[in-house]
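[1] got a sequence here, can you model it:
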Amino acid sequence: MKAIVALILLVQLPIHKALPAASPPPLGCDDPESEAAAEAAVSYINGHSHHGYKFALNRIENIRVIPQGLNNDIIFLELDLLETTCHILSPTPLENCTVRSFTEHAVEGDCDIKLQKLNGQFSVLASKCHSHADSSEDVTKFCPDCPLLVSLNNTEVLKAVTAALNKHNSKTADAYLKLLEIGRAKIQYHPAHIVFVEFAVAATNCSAEEAKANVEACQLLPDNQSNFGFCTATMVILPSDNLEVNCQLYGHQPGVTYSPPAQATSAGLSPGLVTGFTNHNLRVSHNNPSASESSSSEFPLLLAKPVAKRAVAEVAQHDKVPRPVGFVPPPPPPCPGKIRYFKT
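    Numbering: from 1, shown residues only. Model prediction:
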């Protein structure tokens with residue numbers, strides 16, 4: 001009898017099934033982990049670029065995390081970057097580099113990055129980047145007299161760079177400098193005609209005085225002695241001729257090298273830039289084989305961007321509709337994230 005009672009009690013006990021572990025909420029673009037992943041991605045992008053300028057994070061546009069196992073995630077990032085004033089050869093840490101303002105005719109970078117986070121460490125598996133200058137019309141509307149970016153092989157630009165480098169070398173007792181590449185060029189036409197140029201240089205094995213006797217004998221220093229630098233110059237053409245140039249050498253940086261463009265011209269420009277580009281494109285300068293070969297399937301989050309932006313618009317539209325007292329609107333989508341500098 002006792003056995004029968006015990007059996008009845010067992011049958012009546014509630015059956016508890018193991019519930020599957022709840023999926024973690026989607027990672028937001030402004031979450032600390034997203035910020036850490038973006039920081040690692042930007043560091044990688046700048047570390048693998050060989051021309052132009054360092055880029056800083058402006059906004060995390062989207063993020064997708066695919067768990068692979070314990071302490072192992074694959075992360076897809078879509079980033080909006082902005083060009084800084086630091087050349088890629090500059091030893092200045094990125095956090096100390098100034099992001100160019102909109103009125104300086106900003107250059108925006110767009111990157112899709114695939115990372116792995118394994119045991120807390122990030123590593124980049126694939127990347128795809130490109131960059132472009134903001135619309136000249138937009139800059140002019142906001143600042144009618146601001147100088148605009150022009151082609152790096154513009155005749156006036158080449159003349160200004162040549163004159164500026166010659167002036168520096170003629171007035172220094174230090175190493176004779178050679179041009180590596182033109183980084184940026186702008187021309188202002190009103191109220192004065194002015195050419196602004198920026199260019200990377202390197203020290204040679206000649207002094208400026210020795211170069212006067214035989215400039216052809218002056219060669220760039222070997223990698224273990226290399227000394228790169230950067231120059232800015234302003235050439236006023238009208239109302240009166242004037243040329244100001246300022247050059248700075250960084251000193252030898254172990255491990256830092258410069259990769260000259262294939263078949264570089266005497267102006268220090270690659271064939272691709274001679275066709276009239278106004279900025280060094282990340283797609284061109286980025287030396288990761290996956291950067292140009294990655295297909296859209298490598299970055300599935302690309303399809304999520306317009307969805308996220310549409311969701312923002314829908315929330316804004318719904319907020320215009322009268323709501324009952326106590327109504328709590330749905331939270332905004334976790335992406336895109338905050339804008340750090342200005343909307344591009």
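[2] so what's residue 136 closest to, chain neighbours aside?
    residue 148 (5.1 Å; Cβ to Cβ, 6 or more residues apart in numbering). Every residue, glycine included, has its C-beta placed from N, CA and C.
[3] which residues does that neighbour bridge with?
    When bridges are called by DSSP bridges, residue 148 pairs up with residue 187.
[4] just list the residues touching it, thanks.
    For residue 148, the contact set (Cβ atoms under 8 Å, 6 or more residues apart in numbering) comprises 105, 136, 139, 140, 186, 187.
[5] state the distance from it to residue 238.
    17 Å (Cβ to Cβ, to the nearest Å).
[6] circling back: can you pull the pLDDT of the residue nearest to residue 136?
    Note on residue 148: pLDDT of 95.
[7] before we move on, what about residue 204?
    97.
[8] and for residue 192?
    For residue 192, the predicted pLDDT is 91.
[9] surely it and residue 238 touch.
    Yes - Residue 192 lies in contact with residue 238 (Cβ atoms under 8 Å); the separation is 6.0 Å.
[10] between these two, which one's more packed in?
    A direct count of neighbours by other Cβ atoms under 10 Å for residue 192 and residue 238 places residue 192 higher, at 13 against 10.
[11] can you tell me how far that one is from residue 278?
    21 Å.
[12] next one: residue 103
    16 Å.
[13] likewise for residue 113?
    For residue 113 relative to residue 278 (Cβ to Cβ), the value is 25 Å.
[14] try residue 194
    With Cβ to Cβ as the criterion, residue 194 and residue 278 are 17 Å apart.
[15] same check, this time on residue 257
    Residue 257 is 26 Å from residue 278, by Cβ to Cβ.
[16] looking at these two, which one has more neighbours?
    For residue 257 versus residue 278, neighbours defined as other Cβ under 10 Å are more numerous around residue 278 (20 against 10).
[17] for stretch 86-106, buried residues please.
    By neighbour count on 16 or more other Cβ atoms under 10 Å, the buried set for stretch 86-106 is 86-90, 94, 97, 99-100, 102, 104-106.
[18] for this protein, what helix or strand is lowest in average pLDDT?
    One helix or strand of the chain scores below all others by mean pLDDT, DSSP states H and E: helix 304-318, with a mean of 36.
[19] which residues of the chain fall in strands?
    53-69, 72-87, 107-118, 121-133, 148-149, 175-188, 193-207, 228-238, 242-249 (DSSP state E).
[20] burial of residue 113, as a residue count?
    By other Cβ under 10 Å, the burial measure for residue 113, its neighbour count, is 27.
[21] could you give the bridge partners of it?
    Going by DSSP bridges, residue 113 forms beta bridges with residue 77, residue 127.
[22] so which residue is smack in the middle of the protein?
    Nearest to the geometric centre of the chain sits residue 55, at 3.0 Å (Cα atoms, centre = their mean).
[23] who's in contact with it?
    Residue 55 touches 42, 45, 46, 49, 81, 82, 83, 84, 109, 131, 282, counting by Cβ under 8 Å, 6+ apart.
[24] looking at it, the fourth one is touching residue 88, isn't it?
    If I follow you right, that is residue 49. Yes - counting by Cβ under 8 Å, residue 49 does reach residue 88; the two are 5.3 Å apart.
[25] how close does residue 95 sit to residue 246?
    Taking Cβ to Cβ, one finds residue 95 at 24 Å from residue 246.
[26] repeat for residue 64
    45 Å.
[27] got any ranges where this structure has weak pLDDT?
    1-24, 261-275, 284-333 (pLDDT under 70).
[28] domain map for it?
    According to automatic domain parsing, the chain comprises the domains 23-142+279-344, 151-253+264-277.
[29] how many residues are close by the nearest residue to residue 183 once chain neighbours are set aside?
    Among residues not flanking residue 183 along the chain, residue 198 sits closest, at 4.6 Å (Cβ to Cβ, 6+ apart). A count of nearby residues for residue 198, using other Cβ under 10 Å, gives 18.
[30] who does residue 198 bridge with?
    When bridges are called by DSSP bridges, residue 198 pairs up with residue 184, residue 232.
[31] check contacts around it.
    87, 182, 183, 184, 185, 230, 231, 232, 233.
[32] then residue 42?
    So residue 42 contacts 55, 56, 57, 79, 81, 94 (Cβ under 8 Å, 6+ apart).
[33] my read: the fifth one touches residue 46, true?
    No - using Cβ under 8 Å, residue 81 is not in contact with residue 46; the gap is 9.4 Å.
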